[in-house]
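1. Pasting the sequence and the predicted coordinates here, then a few questions.
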Amino acid sequence: MNIVYPKDYSSASIQRLLDAADSDVLFLGDPRVNIEPGPRMLARMAQVMRETGAGLVYSDGLGHPRIDYQRGSIRDTFDFGPVVAVSVPAARQSGIDGAWKWGGLYDLRLRISEKHAIVRIPEPLYNASMLDARPTGQKQFDYVDSRNRDYQIEMERVATAHLKRIGAWLEPHFEKVPAAAETFPAKASVVIPVRNRERTILDAVRSALDQSPDFAFNVIVVDNHSTDRTTEILRSISDSRLKHLVPERRDLGIGGCWNEAIYSKDCGQYAIQLDSDDLYPNDSVLRRMVAELEAGPYAMLIGSYTMADFSLKEIPPGLIDHREWTRENGRNNALRVNGLGAPRAFNTAVLRRIGFPNISYGEDYAVALRISRDYEIARIYDSVYLCRRWEGNSDSALPLEVANRYDSYKDWLRTIEIQARMRP
């Protein structure tokens with residue numbers, strides 16, 4: 001048994017390898033990576049495949065554990081590592097689309113997963129060089145890089161076909177946003193969860209308070225028991241529109257802090273996101289976002305933002321506008337990508353029926369997926385937000401263990417959402 005290195009991942013190349021296979025197991029290696037097989041690597045992968053009836057098998061690498069595959073692991077960026085074992089009978093049974101320029105292996109993997117298990121071996125079967133050594137804070141924006149647009153369109157088409165085959169694809173028919181039954185103290189609230197951001201919180205709050213809409217609004221800062229000067233700074237701001245909330249609980253993540261805000265007596269009819277690192281670039285953002293929400297009316301709106309360094313100088317990739325989103329297929333493509341963008345704004349009445357999971361990564365993605373199942377999400381494609389990237393960002397350089405936990409959680413969110421969409 002040998003590892004085959006395809007020259008590319010087009011449908012034609014993958015099909016040629018399957019046609020030429022003279023065994024029941026085909027081992028595919030990434031040609032960009034130097035793989036040092038451990039003892040019996042190929043035999044172990046073949047053994048697991050034959051004993052489990054799996055359609056595809058992958059494993060941990062030395063010093064590089066991976067995560068288990070779920071139904072929601074449909075993103076094309078799922079980390080299988082540089083060597084996988086493919087069941088030739090399962091692959092031939094599943095078939096492969098002959099039209100993909102880049103997505104041949106992605107298409108095959110999704111087709112295999114529809115009828116066969118995809119199994120991870122939690123054993124370090126090889127040592128390999130790292131394919132992409134960039135920090136997580138840089139990698140996470142690759143899928144919105146305009147230079148990758150044609151590739152991303154093809155990946156979306158592959159994923160959409162998969163969702164249609166398994167009955168999880170949704171047509172662009174949306175429920176009407178219900179009128180709110182409750183009354184609100186203001187038209188809108190800017191919500192800022194914060195913990196230990198003494199260097200940025202004042203800029204964030206000032207950019208919110210400096211908004212000049214023609215309606216009443218407030219700024220709800222949920223101070224999650226900061227231990228630096230954040231609390232002192234917030235208490236020094238003498239503006240009645242600022243609502244400084246300190247939760248009684250000490251076990252809240254960012255999602256839990258959002259719940260403190262949206263279920264409070266101070267929350268307005270619309271809840272508008274502002275992270276404690278970031279700020280609005282001008283005084284018209286709040287007015288524009290509320291106008292867009294009401295124009296639908298929409299249950300949720302997502303804007304676009306500009307990446308900036310700590311001094312607010314623009315840095316690559318610049319504008320993040322998520323133009324991969326379309327009214328016709330955005331709610332389906334949301335199951336392929338790891339985020340829907342920012343800043344986010346919500347109809348509070350709808351949001352209160354859903355609530356945020358009490359976590360600090362993926363809480364916004366969970367809510368957006370759930371809303372997209374029923375309601376249309378509006379978009380603004382020009383920048384209404386400055387997103388600071390600095391060493392204090394929680395996702396700037398995640399350890400592998402943390403990155404794996406986050407990816408596994410988002411795959412789980414997609415699993416739950418796909419199962420919900422498949423229900424009659």
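-> Good, I have the coordinates.
2. make it CA atoms for all contacts and neighbour counts henceforth
-> OK.
3. Now do the phi/psi pair for Val219.
-> Backbone torsions of Val219, given as degrees, to the nearest 10, read phi -120, psi 120.
4. and the residue lying closest to Ile74 once chain neighbours are set aside, what is it in contact with?
-> Once flanking residues are discounted, Ile74 sits nearest to Arg336: 6.0 Å by C-alpha to C-alpha, 6 or more residues apart in numbering. The contact partners of Arg336, by C-alpha atoms under 8 Å, 6 or more residues apart in numbering, come to Ile74, Arg75, Asp76, Glu156, Ala159.
5. Helix or strand with the lowest mean pLDDT in this protein?
-> helix 136-139 (a mean of 49; mean pLDDT, DSSP states H and E).
6. and Ile416, how many neighbours?
-> Per other C-alpha atoms under 10 Å, the neighbour tally for Ile416 reads 16.
7. So it: helix, strand or coil?
-> Secondary structure state of Ile416, per DSSP: H, G, I helix; E, B strand; the rest coil, is helix.
8. which non-adjacent residue is nearest it?
-> Leaving aside its sequence neighbours, Ile416 sits nearest to Gly72 (C-alpha to C-alpha, 6+ apart; 7.5 Å).
9. Run a quick check on that neighbour versus Leu413, I expect a contact.
-> Yes: taking contacts as C-alpha atoms under 8 Å, Gly72 lies within contact range of Leu413: 7.2 Å.
10. Can you point out the helix or strand that includes the residue nearest to Ile74?
-> Assessed by DSSP states H and E, Arg336 sits outside every helix and strand.
11. In this protein, where is pLDDT below threshold?
-> 1, 130-147, 392-396 (pLDDT under 70).
12. starting at the chain centroid, how far to the longest strand anywhere in the chain?
-> Looking across the chain with DSSP state E, the single longest strand is strand 377-388. Mean C-alpha position of strand 377-388 versus that of the full chain (C-alpha atoms, centre = their mean, to the nearest Å) differs by 16 Å.
13. Next: stretch 64-78.
-> Computed by C-alpha atoms, centre = their mean, the chain-centroid distance of stretch 64-78 equals 13 Å.
14. ditto for stretch 39-51
-> Averaging C-alpha positions (C-alpha atoms, centre = their mean) puts stretch 39-51 33 Å from its chain's average.
15. Now do the buried residues in that stretch.
-> Met41, Leu42, Met45, Ala46, Val48, Met49 (16 or more other C-alpha atoms under 10 Å).
16. residue ranges of the strands in the stretch 51-200 of the chain, please?
-> 56-60, 83-87, 118-124, 126-128, 188-194 (DSSP state E, counting those that start in this stretch).
17. I'd like the next helix or strand past the last one.
-> Taking DSSP H and E as the definition, the helix or strand that follows strand 188-194 towards the C-terminus is helix 201-209.
18. List the buried residues for that following helix?
-> Neighbour-count burial for helix 201-209 flags Ile201, Leu202, Ala204, Val205, Ser207, Ala208, Leu209 (criterion: 16+ other C-alpha under 10 Å).
19. How about the second one: what's its closest non-neighbour residue?
-> I take that to be Leu202. Using C-alpha to C-alpha, 6+ apart, the closest residue to Leu202 is Ile233 (7.1 Å).
20. Could you tell me how far that neighbour is located from Asp203?
-> Distance of Ile233 to Asp203, computed by C-alpha to C-alpha, to the nearest Å: 11 Å.
21. for Pro399, same thing?
-> Taking C-alpha to C-alpha as the measure, Pro399 falls 29 Å from Asp203.
22. for Ser10, same thing?
-> Distance from Ser10 to Asp203, by C-alpha to C-alpha: 48 Å.
23. repeat for Glu156
-> In terms of C-alpha to C-alpha, Glu156 sits 38 Å off from Asp203.
24. Trp100 now?
-> Distance from Trp100 to Asp203, by C-alpha to C-alpha: 47 Å.
25. same check, this time on Glu51
-> To Asp203, Glu51 is 59 Å away according to C-alpha to C-alpha.
26. Helices along this structure, start to end?
-> 11-20, 41-52, 88-94, 104-113, 136-139, 149-166, 201-209, 230-235, 254-262, 285-295, 330-333, 348-354, 363-374, 400-422 (DSSP state H).
27. Can you tell me which of those helices is nearest to Glu175?
-> Glu175 lies closest, by C-alpha to C-alpha, to one member of the helices of the chain: helix 363-374, at 5.7 Å.
28. Tell me which other helices or strands the closest one touches.
-> When contacts are defined as 3 or more C-alpha pairs under 8 Å, 6 or more residues apart in numbering; DSSP states H and E, helix 363-374 sits against helix 254-262, helix 330-333, helix 400-422.
29. re the thing from before, name the nearest of the buried residues of helix 201-209 relative to Tyr375.
-> Ala208 (27.3 Å).
30. which residues does the closest one contact?
-> Neighbouring residues of Ala208 by C-alpha under 8 Å, 6+ apart: Val190, Val219, Leu279, Tyr280.
31. This completes my enquiry, with thanks.
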